[in-house]
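**Student:** take this sequence and fold it.
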Amino acid sequence: MTKWEYATAPLLIHATKQILDNWGLDGWELVQVVPGQNAEQLVAYFKRPLAG
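**Tutor:** Purely as a prediction, here's the structure:
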C-alpha cells in the first residue's frame with residue numbers, strides 16, 4: 001500500500017505557475033486549490049509518496 005505525505009502552500013496569483021512548477025520538480029502532485037484569506041491568495045494542497 002502506498003503511504004503519502006501532504007503539504008500546503010500559499011499561491012500568489014501573479015506567480016502561480018512558478019510556484020506549482022517548483023513543487024512539481026520536488027515530486028509533489030497538486031491535489032486541490034482553495035481560496036485563501038484574501039482575493040490575491042490561494043492555498044494549494046499537495047501530496048507525494050512517502051519515501052522508504
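**Student:** direction included, what does the strand or helix carrying Y6 pair against?
**Tutor:** Using DSSP states H and E, Y6 falls within strand 4-12. If you go by DSSP bridges, strand 4-12 pairs up with strand 41-49 (antiparallel).
**Student:** quick check: buried residues in the partner strand?
**Tutor:** For strand 41-49, the neighbour count (16 or more other Cβ atoms under 10 Å) marks L42, A44, F46, K47 as buried. Every residue, glycine included, has its C-beta placed from N, CA and C.
**Student:** ok, now stretch 8-19?
**Tutor:** Applying 16+ other Cβ under 10 Å to stretch 8-19 flags L11 as buried.
**Student:** tell me which residues are up against the strand holding Y6.
**Tutor:** 19-20, 23, 28, 31, 33, 36, 40-50 (Cβ atoms under 8 Å, 6 or more residues apart in numbering).
**Student:** look up phi and psi at I19.
**Tutor:** With angles defined as degrees, to the nearest 10, I19 sits at phi -60, psi -50.
**Student:** can you show me the CA trace of the strand holding Y6 as CSV?
**Tutor:** The C-alpha coordinates for strand 4-12 follow below in CSV (Å, rounded to 0.1, in the frame of the first residue of the first chain):
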residue,chain,number,x,y,z
TRP,A,4,1.6,9.6,1.4
GLU,A,5,2.9,12.8,2.8
TYR,A,6,1.0,16.0,2.4
ALA,A,7,1.8,19.7,2.3
THR,A,8,0.0,23.1,1.9
ALA,A,9,1.4,26.2,0.3
PRO,A,10,0.1,29.7,-0.4
LEU,A,11,-0.3,30.5,-4.1
LEU,A,12,0.1,34.1,-5.1
